[in-house]
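Chemist: Based on what follows, work out the 3D shape:
(2 chains)
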Protein chains: 2
Amino acid sequence: MAFTEFRPLDEKCLVEYIKATPALSDKIGNNFDDLKIKEVGDGNLNFVYIVVSPAGSFVIKQAIPYVRCIGESWPMTKERAYFEALTLREHGRLSPENVPEVYHFDRIMSVIGMRYLEPPHIILRKGLVAGIEYPLLAEHISDYMAKTLYHTSLLYRTTTEHKHNVAEFCGNVELCRLTEQVVFSDPYKVSEYNRWTSPYLDRDAEAVREDNILKLEVAELKSKFCERAQALVHGDLHTGSIMVTRESTQVIDPEFAFYGPMGFDIGAFIGNLILAFYAQDGHADQGNDRKTYKEWILRTIKETWSLFYKKFTALWDEHKDGSGEAYLPGIYNNPELHQLVQRKYMQDLFHDTLGFGAAKMIRRIVGVAHVEDFESIPDASKRAQCERPALDLAKMLLKERRKFQSIDEVVSAIQQLQ
Amino acid sequence: MAFTEFRPLDEKCLVEYIKATPALSDKIGNNFDDLKIKEVGDGNLNFVYIVVSPAGSFVIKQAIPYVRCIGESWPMTKERAYFEALTLREHGRLSPENVPEVYHFDRIMSVIGMRYLEPPHIILRKGLVAGIEYPLLAEHISDYMAKTLYHTSLLYRTTTEHKHNVAEFCGNVELCRLTEQVVFSDPYKVSEYNRWTSPYLDRDAEAVREDNILKLEVAELKSKFCERAQALVHGDLHTGSIMVTRESTQVIDPEFAFYGPMGFDIGAFIGNLILAFYAQDGHADQGNDRKTYKEWILRTIKETWSLFYKKFTALWDEHKDGSGEAYLPGIYNNPELHQLVQRKYMQDLFHDTLGFGAAKMIRRIVGVAHVEDFESIPDASKRAQCERPALDLAKMLLKERRKFQSIDEVVSAIQQLQ
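Modeler: Take a look at the predicted model:
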């Protein structure tokens, strides 16, 4: 079997594919006798196979030219696999501890072969629903975000490198358009794809569509998303794109990656932690009231931003005389001014983070794609009781984000609005 | 003679080139007997030949791979001619009355053949130095800016078209870097290229380099210039890039074009008009105190922004149900909200315009490239007396731009600071 043009892989075909691909067959010691293959793609878009043999293992991810959970009626370029592989490699180079290694990429077949994140790795979102604490999560994810965002920005790079990379990732436009639609547009208008916990949130969903100030602010965020090439962002950094154990944090699925605003990644992560926080009351039972766990989530939100701030500015300090072209040493050489520009940059980034985080929260409550945190609460009335305060907080954050000076103030607002 | 690889044209070689190029030889009726050729490139970068015969005429502009006024020691990609031709055609399609027609483009030779702007067309800057009023200037230039900026933004275009074009113009990175250096960097640090009217402005130049708040604000503008792909901007829209008669306004030389912030173009034009205003006292003599002319310049500044505002928002209103993806009709359909977002968009653009305009003024007084408005004032002391208030106004505008609500307030500030 030759693989000179695209075809969707099935299990049989996959074995042939591995045999024809040394980078993969070497990983399993070229032994096909005890091979175990399992399809596990639970996402909306792709097929994912786990391939395990006694000698080794890997994951095969294949993009198909439509949205898997909807079907061929919603076409979606399989070229997204190219941008995913590119980003896994680039982010992996910058933050190797937190990105699984890519063994193989095939652009024609839209196939990525990469490290299998063995058990007990689970999707972070499932861990949050189960009430599991991850003591190193904030440390790891702040590390990943600081390293990937700093090093792909003009703080570290020359304009020449930057524009070269921006141009390349303009090719991932179909995935950017999908985000524009589901995050910045559909929740604010009548759309066949929108859904919410009905009838409880009918009025809330309507209020989102009728809130002029909210729509004014979301337009500003959408402009930033479409126009501002600040760094190579993951583009979909919610808690379903992260696999964890107590000791390990691995970022996967960067198929939405492009040069966009940094706050879109940081906000996605923090916004989804806030959603997890509000979902806890729906998971509380007599054995576990989840109060301690809610405290842990809030602590993790605080630590994520604080550690990110610390690490990002430390990288900036370290390389301030390097080749990055945003703040030339000849101009920004005095310590007072260096602090001044840094504080302004980080404050703007903080406000972007709150805005994007809030937008990501809203779309998960009244838009097309919901989150397991809430969806796994079977009683609709109870679910709505968790979702409504999350939605209210998000609306307030999006509209008032510029009034917040620190992450502590955000966490206080969450606690007070309870 | 074949022209299969790049070579700089001289007059003899140019005739051969025209003979081999039907798009050009047809323009002069294929008659080479009474051909007049004149080299007129007075710019810093290129060679420009005027070609006239009894049957017709055109201009030949050739980019050479270095900065003409400095020599081969400052290399500069000749690919800039490609982006210039692309922009002349795109802007010409959008605003045909105000952009000269392109007859021919040769990427290998970096040659553009285009309409010869016959006398009495002169460079606007020379007209401003001479004290000539152009009653239609604000009308024409606002038309050009509104049409080109609106139609190349996400207000009119889809994300798909936009990212495709953004990627293409990322290729013009060398010219973007030149702007970064001469506008946003060199004036704020010690640089061998900087000059100013010494010794009179020694202290003023030093003050620019030591002004932390100014440097903080210019960093924000530089970020916007480097990161924000808002529309296809001309990139160098000062009064030396415009040819005029009383009836005609023609925008030339868009070799710095790229997808950047709209305010960079509007600010360049308005900032250079303000420079012309401050230079007038240096050109006043017993026959003409230039007072009436200064009033005309201020009126033209007001009209340019007011007309731009009116035309740009009219285009927006006209196409608000079109394919532009920034403000979808399903979300922004109510008249009150439409007004709200439009007012916010235009206010942000106004503040960008003031910021970029001020930065362009500063660099013309303490940076590498100065303007004839001031340079033609022979007495250095008198020149410095004109430059200093221009510099002071620019510094104030750059730092306080967000406090201005209207162009009238800006003009009042100019009048009061006299």
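Chemist: Look up the closest residue to residue A:101, ignoring the ones flanking it.
Modeler: Spatial nearest neighbour of residue A:101, excluding adjacent residues (CB to CB, 6 or more residues apart in numbering or on different chains): residue A:115 at 4.7 Å. Placement of C-beta: from N, CA and C, glycine included.
Chemist: So what does the one you found have for phi and psi?
Modeler: With angles defined as degrees, to the nearest 10, residue A:115 sits at phi -60, psi 130.
Chemist: That one contacts residue A:56, correct?
Modeler: No - if you go by CB atoms under 8 Å, residue A:115 and residue A:56 don't touch, sitting 10.2 Å apart.
Chemist: Who has more neighbours out of those two?
Modeler: More crowded of residue A:115 and residue A:56, by other CB atoms under 10 Å in any protein chain shown: residue A:115, with 18 against 14.
Chemist: what does the model give that one for pLDDT?
Modeler: On pLDDT, residue A:115 comes in at 98.
Chemist: Next: residue A:410.
Modeler: With respect to pLDDT, residue A:410 has a value of 98.
Chemist: Would you tell me whether whichever helix or strand residue A:279 is part of gets close to chain B?
Modeler: Using DSSP states H and E, residue A:279 maps to helix A:263-283. No - using CB under 8 Å from any CB of the partner chain, helix A:263-283 never reaches chain B; the gap is at least 12.9 Å.
Chemist: What segments of chain A are strands?
Modeler: For chain A, applying DSSP state E gives strands covering A:36-39, A:46-53, A:56-63, A:66-67, A:71-75, A:102-106, A:111-114, A:122-123, A:231-233, A:242-244, A:249-251, A:258-260.
Chemist: Residues contacting the third one, please?
Modeler: When contacts are defined by CB atoms under 8 Å, 6 or more residues apart in numbering or on different chains, strand A:56-63 is touched by residues A:8-9, A:14, A:17-18, A:24, A:27-29, A:41, A:45-51, A:78-81, A:84, A:100, A:103, A:109-118, A:255.
Chemist: what about residue A:317, neighbour count?
Modeler: Close neighbours of residue A:317, defined as other CB under 10 Å, add up to 11.
Chemist: what's near enough to touch residue A:65?
Modeler: Taking CB under 8 Å, 6+ apart, we find residue A:65 in contact with A:6, A:75-78.
Chemist: Can you list the low-confidence ranges for chain A?
Modeler: Where chain A drops to pLDDT under 70, the residues are A:1, A:42-43.
Chemist: Dead centre of chain A: give me the residue that sits there.
Modeler: The C-alpha lying nearest the average C-alpha coordinate of chain A belongs to residue A:237 (CA atoms, centre = their mean; 0.8 Å).
Chemist: And that residue, how far from residue B:325?
Modeler: According to CB to CB, to the nearest Å, residue A:237 and residue B:325 sit 23 Å apart.
Chemist: neighbours around whatever residue of the stretch 251-400 of chain A ends up closest to chain B, how many?
Modeler: Nearest residue of the stretch 251-400 of chain A to chain B, counting by CB to the nearest CB: residue A:330, 3.8 Å away. Number of residues near residue A:330 (other CB under 10 Å) recorded here: 14.
Chemist: So for it, what's the nearest residue that isn't a sequence neighbour?
Modeler: Spatial nearest neighbour of residue A:330, excluding adjacent residues (CB to CB, 6+ apart): residue B:189 at 3.8 Å.
Chemist: For that neighbour, grab the count of nearby residues.
Modeler: For residue B:189, the tally of surrounding residues (other CB under 10 Å) stands at 16.
Chemist: next one: residue A:264
Modeler: Residue A:264 has 30 neighbours, counted by other CB under 10 Å.
Chemist: hang on, isn't residue A:144 packed against residue A:99?
Modeler: Yes - the pair residue A:144 / residue A:99 is scored as a contact, 7.3 Å apart, by CB under 8 Å.
Chemist: anything in contact with each of the two?
Modeler: With CB under 8 Å, 6+ apart, residue A:144 and residue A:99 have common neighbours A:91, A:251.
Chemist: need the contact list for the residue lying closest to residue A:105 once chain neighbours are set aside.
Modeler: Closest residue in space to residue A:105, ignoring its immediate chain neighbours: residue A:85 at 4.0 Å, by CB to CB, 6+ apart. Going by CB under 8 Å, 6+ apart, residue A:85 touches A:102, A:105, A:112.
Chemist: Closest one of the residues you listed to residue A:136?
Modeler: Distance to residue A:136, by CB to CB, is smallest for residue A:102 among the contacts of residue A:85, at 23.6 Å.
Chemist: tell me the contacts of the closest one?
Modeler: Per CB under 8 Å, 6+ apart, neighbours of residue A:102: A:85, A:88-89, A:92, A:112-114.
Chemist: Quick check: which helices or strands does the lengthiest helix in chain A pack against?
Modeler: Secondary structure of chain A read by DSSP state H shows that its longest helix is helix A:335-366. When contacts are defined as 3 or more CB pairs under 8 Å, 6 or more residues apart in numbering or on different chains; DSSP states H and E, helix A:335-366 sits against helix A:202-209, helix A:212-227, helix A:263-283, helix A:291-318, helix A:380-400, helix B:212-227.
Chemist: can you list the residues that contact the first one?
Modeler: By CB under 8 Å, 6+ apart, the surrounding residues in contact with helix A:202-209 are A:187-190, A:194, A:196, A:214, A:362, A:365-366, A:388, A:391, A:395, B:331.
Chemist: One more: stretch A:301-311?
Modeler: A:137-139, A:141-143, A:145-147, A:266, A:269-270, A:273-274, A:277, A:346, A:350, A:353, A:407-408, A:410-411.
Chemist: Could you pick out the buried ones from the residues you listed?
Modeler: A:137-138, A:141-143, A:145-147, A:266, A:269-270, A:273-274, A:277, A:346, A:350, A:353, A:407, A:410-411 (16 or more other CB atoms under 10 Å in any protein chain shown).
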